[in-house]
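S.K.: The sequence and its predicted three-dimensional model are supplied below.
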Amino acid sequence: MLELNLIKKNSAEIIQKLAIRGGDYSQKINDILDLNEKRIKNQQALDEALRESNKIGQLIGQLAKVGNFEKLEVLKKKATQIKTKAKELNNLSNITIKDLEEKLVSIPNTPDLSVPIGNSANDNQEIYRWGKSNKSSQIKPHWELAEKYDIIDFENGSHITGSGFPIYKGMGAKLQRALINFFLEYNNTKGYTEYIPPYFVNEKSAFNTGQIPDKEGMMYHINEDNLFAIPTAEVPITNIFKNKRFTHKELPIKCTAYSPCFRREAGSYGKEVRGLNRLHQFDKVEIVQICQPEKSYEILEEMVSHVSELLKKLNLEFRIVKLCGGDLGFTAAMTYDFEVYSPAQKKWLEVSSVSNFETFQANRLKMKYINNETKEIQLCHTLNGSSLALPRIMAAILEQNQTDDGIIIPKAIKDYINFNKITV
RNA sequence: GGAGAGGUGGCCGAGUGGCUUAAGGCGCACGCUUGGAAAGCGUGUAUAUGGAAACAUAUCGGGGGUUCGAAUCCCUUUCUCUCCGCCA
């Protein structure tokens, strides 16, 4: 949620930034400003009424002490009248505030000015490319390899639950587990504290990180308890720090967590969902940082190089893409996507999305810090990224590391796994 | 699931209808003291909204009610703790 006082101060700049997403938000922003004016007027009238009523209340207290009950009764009547008026004003004020909140919540985050303008993924900017994989025509897709080596059972998974819920088996399960450990341990060495979060969250938590109201349909919902299965560990992890006030010494907060992720992915079909391309349940290791506003873009770069390191250690061909305004998520101000190459599908698969949310989440979470120099209380900036999403990493390892007699296990994870090659 | 106890400021903790934003303590900041430090002493120290400011209003888990007036009484909801039950 954007900060109301920033909208008030810099509405022109905000409209300009939002235009990077490809829409004209000036009407919405103006509506918000109008509603805010209305809100302030209401509040002032209400405060005035309450002030009067408080004064009379005090007077009554004094009169009661000296026993002047005649005058007291007169004042009581007057106070009741004011109270009635105050109640009306209060109702009016509540309606306006609700209206205002609703409008405010519907506005996406303002992209950073460096975000390229564009409508779709086609307008994203590739900023980095690394590695080289075998592109021969003999290359097999990962779903065929998974079957050949009997390490992932897509069919049985879809019988047990539905499509998009694969079963990892034997060396496949071990590889997955080794990768998770490798990611977590590497994150640990870079100062990220490990967490195991809840895998279900309530409505408020989902709202705080921006899944609601924007992406409600993407989450599995348990009606009976009104809980959402987490689409990413970002949701519970970021919520850990709601209503906190940090000192500059405590920042940045660095967290990492492994969790399964659940996504409904309604509307996906065909080759998009083939094999490990898109699943309803998948594993992911996440990194989250909370920091002072002036440091967030520096930290974004740090996180980008962190994720790059992981991919280089796995020796996977990948590229980094800076998302354009039109492809940017609702809550993000800037996002870098990491994509590994699938030589068999001849396409890039997203394995990480590293974003700076600036104050967008912190505003809903009331996550603040005290500026050491000015002593002002400001909202923190939040950032997160995958490090990494397992299925597509798995797909890339299978495809990029395939040989005639097996899949070569990346050297980087040899400490976490007790074989060098997946064989029949 | 049953029964009980409780949620007060950054933290601990007092407070059962009126000058209580809230005693006391801890912590923190500044000053005095000291060769320096500790101790000691003194002063200050919640947040949000509106306002140029003075100041005003709101906030003692959330919501509602009683009352001229609620941290304090009533209703409701939520969370935590203890005991019992069930259980990996």
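M.R.: Thanks, I have the structure now.
S.K.: residues near the closest residue to RNA strand B within the stretch 301-424 of chain A, how many?
M.R.: When scored by C-beta to the nearest atom of the strand, the stretch 301-424 of chain A has A:I377 as its residue closest to RNA strand B, at 4.4 Å. For every residue, glycine as well, the C-beta is placed using N, CA and C. Around A:I377 there are 10 other residues, counting by other C-beta atoms under 10 Å.
S.K.: Run through the residues that contact the spatially closest residue to it that is not a sequence neighbour.
M.R.: The spatially closest residue to A:I377, leaving aside those adjacent along the chain, is A:K368, at 5.3 Å (C-beta to C-beta, 6 or more residues apart in numbering). Neighbour list for A:K368: A:K244, A:R245, A:F246, A:A362, A:I377, A:Q378, A:L379, A:C380 [criterion: C-beta atoms under 8 Å, 6 or more residues apart in numbering].
S.K.: ok, so of the residues you listed, who is nearest A:V115?
M.R.: Top of the list for closeness to A:V115, among the contacts of A:K368 and by C-beta to C-beta, is A:A362 at 19.5 Å.
S.K.: Which of the contacts of A:K368 are buried? Put it as a ChimeraX command.
M.R.: Buried residues among the contacts of A:K368 (16 or more other C-beta atoms under 10 Å), as a ChimeraX selection:
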select /A:244,246,362,379,380
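S.K.: Export the contacts of A:K368 to CSV and append columns for secondary structure and pLDDT.
M.R.: Below are the contacts of A:K368 laid out as CSV (DSSP: H, G, I helix; E, B strand; the rest coil; pLDDT from 0 to 100):
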residue, secondary structure, pLDDT
A:K244, coil, 86
A:R245, strand, 84
A:F246, strand, 85
A:A362, helix, 92
A:I377, strand, 85
A:Q378, strand, 87
A:L379, strand, 90
A:C380, coil, 92
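S.K.: Which pair of the contacts of A:K368 spans the longest distance?
M.R.: Largest separation among these by C-beta to C-beta: A:K244 and A:Q378, giving 13.0 Å.
S.K.: separation between the residue of the stretch 101-250 of chain A found nearest RNA strand B and A:A86?
M.R.: Per C-beta to the nearest atom of the strand, A:R245 is where the stretch 101-250 of chain A lies closest to RNA strand B, at 5.9 Å. Counting by C-beta to C-beta, to the nearest Å, the separation of A:R245 from A:A86 is 32 Å.
S.K.: what about A:E37, neighbour count?
M.R.: Using other C-beta under 10 Å: A:E37 sits among 12 other residues.
S.K.: Beyond the helix or strand hosting it, next helix or strand please.
M.R.: Assignment of secondary structure by DSSP states H and E places A:E37 within helix A:26-66. Going down the chain from helix A:26-66, the next helix or strand is helix A:69-105, by DSSP H and E.
S.K.: Contact residues of chain A facing RNA strand B?
M.R.: Neighbours of RNA strand B within chain A, by C-beta under 7 Å from any atom of the strand: A:4-5, A:8, A:36, A:40, A:43-44, A:46-48, A:50-51, A:53-58, A:60-62, A:64-65, A:76, A:79-80, A:83, A:245, A:368, A:377.
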